[in-house]
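Colleague: quick one, fold the following:
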Amino acid sequence: MKICAEAELNLLNQDLLLLPEKAIYWKQENALIAADVHLGKSGHFRKAGIAIPQNMAQEDLAVLSDLIRQYNPSKLIFLGDLFHSEINTDWDWFALWRAQFPKLHIVLVKGNHDIINDKHYHLLGIETPEELSYGPFLMLHHPLKENKLANAQGYVLCGHIHPGVRLQGRGRQAVTLPCFTFGARQAILPSFGKFTGKVAIRHQQADKVYGVLNDRVIAV
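Modeller: Have a look, this model is predicted:
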């Protein structure tokens, strides 16, 4: 395994940095890409009477802020499930966060949990398409099945799955890491949000898989 703080990948002549914060920085377009932030999920559970720490959404927004300050992107693209539920107290934090970066172009490719009316996003200057064709990529929330990938208008970048890769030690020790998975026609990003799970998925032998540690990305 090659270990580095971030993994560099050239895909379709595009230079991508796979970040340990579980996002991608696309050099040519000066864009950050993240999937499945799930803001509002903690507020959703608190509203239901389940004790969840109040600062989880703020922590995810702080990580986004750090990435924006580090890479100074002109565009931020969310691949669905930005806000987990209906508007709750976490939305106020999100609106305050958005106000800190008024010149940043933000696009939300809508996912199955993005049920808030588009007008609320538009008031914050956030676009909300169902899909986004950008350069050689087709950006979606849900992965496409093999029978649809052949006709896709671009290499697919998506989320939704919250993918993980299971690593087995010499003994019986095993760990499942969040991962980036790059197949022949489609890449699945790990979930960005802290309050999300991960599922070890079956990978094809030819897939390029990158596991994510706290401060490292490893090419498996």
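
Colleague: which strand residues bridge the spatially most central residue of the chain?
Modeller: Residue closest to the mean C-alpha point of the chain, counted by C-alpha atoms, centre = their mean, is residue 35 at 2.0 Å. Note on residue 35: beta-bridge partners by DSSP bridges are residue 191.

Colleague: list the contacts of the longest helix that the chain contains.
Modeller: Identified as the longest helix of the chain according to DSSP state H is helix 56-71. Residues outside helix 56-71 that contact it (C-beta atoms under 8 Å, 6 or more residues apart in numbering): 19, 21, 23, 25, 30, 32, 34, 37, 39-43, 76, 90, 93-94, 97, 100-101, 104, 192-195. For every residue, glycine as well, the C-beta is placed using N, CA and C.

Colleague: with stretch 114-127 instead?
Modeller: Outside stretch 114-127, the residues touching it (C-beta under 8 Å, 6+ apart) are 80-83, 85-87, 91, 95, 98, 102, 106-108, 128.

Colleague: if we go to 7 Å?
Modeller: The contact list for stretch 114-127 (C-beta atoms under 7 Å, 6 or more residues apart in numbering) reads 80, 81, 82, 83, 86, 87, 95, 98, 106, 107, 108, 128.

Colleague: and the first one, which of the three is it?
Modeller: Just to be clear, that refers to residue 80. coil (DSSP: H, G, I helix; E, B strand; the rest coil).

Colleague: so how far is stretch 29-38 off the chain centroid?
Modeller: 5 Å (C-alpha atoms, centre = their mean, to the nearest Å).

Colleague: if you count neighbours, what's buried in it?
Modeller: 29, 31, 32, 33, 34, 35, 36, 37, 38 (16 or more other C-beta atoms under 10 Å).

Colleague: can you give me the helices in the protein?
Modeller: 41-47, 56-71, 89-99, 118-123, 146-149.

Colleague: number of residues surrounding residue 132?
Modeller: 17 (other C-beta atoms under 10 Å).

Colleague: contacting residues for it?
Modeller: 77, 107, 109, 139.

Colleague: re the thing from before, mean pLDDT for the helices of the chain: which is lowest?
Modeller: Note on the helices of the chain: lowest mean pLDDT is at helix 41-47, with a mean of 49.
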